[in-house]
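> No letters, just coordinates:
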């Protein structure tokens, strides 16, 4: 889906509009609350605690429209090392659903790796967002969750400005933000 033609963009936009967003809330009880507050307190072991929790929640892999996407401690570690935020932590339990039911909208080759970009609508604190999820395929053809470039975009903040000073903006390959903007505004 490397092309940016309006027909393809319109189809992606229509598919995204038909997905019921995941409603994310701050946990108030149980293990999820403990995990969330471990992250907030930035305890010495918060990354390890969050990774263990997520690895217990997630399946070994998700069967997406581009094929299986695997989860590993390394991919979660990379995710948490780059641009961690409360919303990223709270969306980890939904990765399986977001890859399985999300909309594949762009792929690209970069050196030995092939990247597949997905989008999924979410709602957090009464604001609408799109989570951009990335699967990276290695030279052996195995795809892994690769959240290093993942970004959660507010629907009303989509713009062509790739020089943003917002820390979250720097996590996405510049073309991904621009392409998603083009797709979502294809009917305008």
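Yes, it's here. A quick note: this is a predicted structure, and the numbers were derived from the prediction, not measured.

> What residues of stretch 109-116 count as buried?
Within stretch 109-116, the residues that count as buried by 16 or more other CB atoms under 10 Å are 114, 115, 116. For every residue, glycine as well, the C-beta is placed using N, CA and C.

> To clarify, my last question referred to stretch 44-58.
Using 16+ other CB under 10 Å as the test for burial, stretch 44-58 gives 46, 47, 50, 51, 53, 54, 57, 58.

> which residues sit in contact with the closest residue to the first one other than its chain neighbours?
If I follow you right, that is residue 46. Once flanking residues are discounted, residue 46 sits nearest to residue 38: 4.8 Å by CB to CB, 6 or more residues apart in numbering. Residues near residue 38 by CB atoms under 8 Å, 6 or more residues apart in numbering: 45, 46, 49, 50.

> Can you add secondary structure and give these back as TSV?
What follows is the contacts of residue 38, written out as TSV (DSSP: H, G, I helix; E, B strand; the rest coil):
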residue	secondary structure
45	coil
46	helix
49	helix
50	helix
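
> how close does residue 119 sit to residue 126?
Going from residue 119 to residue 126 by CB to CB, to the nearest Å gives 20 Å.

> scratch that, residue 109
Taken as CB to CB, the span from residue 109 to residue 126 is 39 Å.

> do residue 17 as well
Taking CB to CB, one finds residue 17 at 19 Å from residue 126.

> Which element, helix or strand, includes the most centrally placed residue in the chain?
Note on the chain: the residue nearest the mean C-alpha position is residue 133, at 2.8 Å, using CA atoms, centre = their mean. For residue 133, the host element (DSSP states H and E) is strand 127-137.

> What pairs with the very next helix or strand once past that strand, parallel or antiparallel?
Downstream of strand 127-137, the first helix or strand assigned by DSSP H and E is strand 143-145. When pairs are called by DSSP bridges, strand 143-145 turns out to pair with strand 67-70 (parallel), strand 127-137 (antiparallel).

> need the contact list for residue 99.
The neighbourhood of residue 99, defined by CB under 8 Å, 6+ apart, consists of 62, 64, 69, 118, 133, 135, 145.

> tell me the pLDDT at the third one?
Which is residue 69. pLDDT for residue 69: 93.

> low-confidence ranges in the protein?
Applying pLDDT under 70 to the chain flags residues 1-7, 82-84, 147-188.

> Okay, helices next: where are they in it?
Assigned helices in the chain, in chain order: 6-17, 30-41, 46-57, 73-81, 86-91, 95-101, 174-184 (criterion: DSSP state H).

> Write down the beta-bridge partners of residue 67, one by one.
Here residue 67, judged by DSSP bridges, has bridge partners residue 64.

> I'd say it and residue 143 touch.
Yes - using CB atoms under 8 Å, residue 67 is in contact with residue 143, at 6.2 Å.
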